[in-house]
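Undergrad: Kindly return the folded structure for what I paste below:
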Amino acid sequence: MKRIAILLISLTAYTINLLAQQEATTPNGTKVVLWDDGTWQYADSVPMYQVKAGEHSQLELPRANTRDRIITHTGFALLYDEKHEQARWVAYELTSAETKRAFDRTDKFLPDPKVKSKTANDKDYAGNGYDRGHLAPAGDMGWSAQATYESFYYSNISPQNPGFNRGIWKRLETQVRNWAVENEAVYVVTGPILESGLSTIGSNKVSVPQYYYKVILDYRNPGVKAIGFIMRNASSGEPLQEFAVTVDSVEAVTGIDFFYQLSDDQEKMIEQTLCVKCWSWSSKGEQSNRDTQKQSLANQCAGVTRSGNRCKNKTTSESGYCYLHSESNSGNSRSQQEQQRATTSVQCSGTTKAGNRCRRMTYNATGRCYQH
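TA: Have a look, this model is predicted:
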C-alpha cells in the first residue's frame, strides 16, 4: 500500500510526518517518486497536501550569505554574480493585479547603476547571435513604468539562444502569469545555472549558461504548492510539463536554498513534492501565446553577416533567424557548394510578369528571392 504524509492539525500547531522521497525517471521517460520503504508512485499522482499558509515577509528571497549583497529594484530583487556578469537569481512576487500591463516595454538595455562592480553592456551582446534574455520578464513588470524600465538593466539579462528565449522560455513566462491570476499571487525565483567552464561573450566575459531554472510557489489557501523547471538553453517544442521537477531538484543543481523562511516541516514537504496535476496547463493558452508572438513586431535576426556584423533583417521565427540564415543555422548538413550559395548574394533566377529576369539579389540557396 502506498504511503502518504499524515497531517495533524491542532488549534495551535500542526505536525507533518513526511516520508523521504526521491524523484526518478523510468527508461520510457515517465517521472516517478520513490519512497524510503521501496514503494513508488507516478509523479503526477502525488497529491499536494493542505497546508495552512502563514505570514512571511519577502518569502520569495532565497537564503543569502552575510557577504552577499542583495540588490532591490521596484519589481524584483537579485543577487549579482560578478564572475559570470549576470544575476545568480532574480526573485519577486507576482500578483494577479500585476499581470495587467499598464506600460509598454522600453527595449532600452542599460547597465545597472546599483551594481558597483559594473554589469555587462551593449557591446558584450553585439554581433554574437545571442538574445538579451530577461530573467524577470518585462511582461511581469508592466504594472509599473519604473519596474518595466529596471527590468532592462543588464543585471536582469542573460545570453539566451533566440529559439529558447522567444520559444519555450516565453511560453513558461506566460504560464507563470496565468498561475498568478488563478492563484491570486505566486512567488517566483529564476536564473541561469552558473558553473565553471562556460563559454563567454564580449569583453566583459559574460558567461553563456547551458541551462536555466525557475521555481514557483503558490502560498495561498487552499492547496499550497510549488514546482520547479530546468531547461536547456536551446529551442524546444516539448510541453512545459516535460521540464517540471521538484524544487529540491533545482536546489541540488544550483546550490540555492529557496523558500527557507517556511517552517522546516512545510519547506521539506513542499519542496520534495512534485504534483504536476496540481497546476493548470492550458494548451489553448500556449497556442494563444504563439499566435500573439507571430502577430507581434518582428525581432532582429540573430544571424551574422560575412563582415561579422549582426544581420539587420527582422523575423518572427521562433528560431530567431531570418530566411537568409535559417537554413545555415538549422543543423542540416549541406554540401560546401550549397553553403557557399547561402552566404553569397546572386541575382534572382525568377522571371517577372513582363518576361524579364528579376533584378533582385538573394542569398537563398534556391537562387530565388522572396517573391519567387
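Undergrad: burial measure for residue 81, as a count.
TA: 16 (other C-beta atoms under 10 Å). Quick note: C-beta positions are derived from backbone N, CA and C, even for glycine.
Undergrad: and what of residue 204?
TA: Other residues near residue 204 number 15, with proximity taken as other C-beta under 10 Å.
Undergrad: Provide a list of residues in contact with it.
TA: Applying C-beta atoms under 8 Å, 6 or more residues apart in numbering to residue 204 gives the contacts 85, 120, 121, 124.
Undergrad: Format those residues as a markdown table; extra columns: neighbour count and pLDDT.
TA: Compiled in a markdown table, these are given as follows (neighbours: other C-beta atoms under 10 Å; pLDDT from 0 to 100):
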| residue | neighbour count | pLDDT |
| --- | --- | --- |
| 85 | 26 | 97 |
| 120 | 26 | 95 |
| 121 | 17 | 95 |
| 124 | 21 | 96 |
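Undergrad: Now tabulate those residues in CSV and tack on secondary structure.
TA: Conversion of the contacts of residue 204 to CSV gives the following (DSSP: H, G, I helix; E, B strand; the rest coil):
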residue, secondary structure
85, coil
120, coil
121, coil
124, helix
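Undergrad: what are the phi and psi values for residue 169?
TA: Phi and psi for residue 169, reported as degrees, to the nearest 10, are phi -60, psi -40.
Undergrad: per-residue pLDDT, it?
TA: Note for residue 169: predicted pLDDT of 97.
Undergrad: now swap in residue 44 and tell me
TA: Reported pLDDT for residue 44: 55.
Undergrad: Adjust the sequence numbering to begin at 175 for everything that follows.
TA: Happy to do that; since the first residue is 175 now, the last one works out to residue 218.
Undergrad: any idea which helix or strand comes after the host helix or strand of residue 320?
TA: Counting by DSSP states H and E, the element that carries residue 320 is helix 319-324. Remark: after helix 319-324, the chain's next helix or strand is strand 331-334, criterion DSSP H and E.
Undergrad: gap between residue 272 and residue 314?
TA: From residue 272 over to residue 314 the distance is 7 Å, taken as C-beta to C-beta, to the nearest Å.
Undergrad: Please apply the same query to residue 375.
TA: In this view, residue 375 and residue 314 are 25 Å apart by C-beta to C-beta.
Undergrad: So between these two, which is more surrounded?
TA: residue 314 (24 against 20).
Undergrad: can you tell me which residues contact the more buried one?
TA: 249, 266, 268, 272, 273, 325, 347, 350, 351, 362.
Undergrad: how about 7 Å then?
TA: Residues near residue 314 by C-beta atoms under 7 Å, 6 or more residues apart in numbering: 268, 351.
Undergrad: can you check the one 4 residues further on too?
TA: In this structure, residue 318 makes contact with 248, 249, 277, judged by C-beta under 7 Å, 6+ apart.
Undergrad: all helices of the stretch 375-524 of the chain, in order?
TA: Assigned by DSSP state H, counting those that start in this stretch, the helices in the stretch 375-524 of the chain fall at 421-428, 438-446, 457-469, 510-517.
Undergrad: chain center to the first one: distance?
TA: Remark: helix 421-428 is offset 16 Å from the chain centroid, using C-alpha atoms, centre = their mean, to the nearest Å.
Undergrad: right, and residue 380 touches residue 293 too?
TA: No - Residue 380 is beyond contact range of residue 293, at 9.1 Å (criterion: C-beta atoms under 7 Å).
Undergrad: which residues are common contacts for these two?
TA: Common neighbours of residue 380 and residue 293 (C-beta under 7 Å, 6+ apart) are residue 259.
Undergrad: which of the contacts of residue 378 sit farthest apart?
TA: 259 and 295 (9.7 Å; C-beta to C-beta).
Undergrad: How many neighbouring residues does residue 420 have?
TA: Residue 420, neighbours per other C-beta under 10 Å, totals 25.
Undergrad: Apart from its chain neighbours, what residue comes closest to it?
TA: Distances taken as C-beta to C-beta, 6 or more residues apart in numbering put residue 448 closest to residue 420, at 4.6 Å, once the chain neighbours are dropped.
Undergrad: Distance-wise, check that neighbour relative to residue 402.
TA: Distance from residue 448 to residue 402, by C-beta to C-beta: 8 Å.
Undergrad: Common neighbours of the two, please.
TA: 419, 420.
Undergrad: Where do the domain boundaries of this structure fall?
TA: The chain breaks down into these domains under automatic domain parsing: 180-215, 244-469.
Undergrad: Pipe the ones you listed into CSV and attach distance to residue 494 per row.
TA: Listed next are those as CSV, based on distance: least, C-beta to C-beta, whole Å:
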stretch, distance to residue 494
domain 180-215, 28
domain 244-469, 2
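Undergrad: Worst mean pLDDT among these?
TA: Across the domains of the chain, the lowest-scoring stretch is domain 180-215, with a mean of 50.
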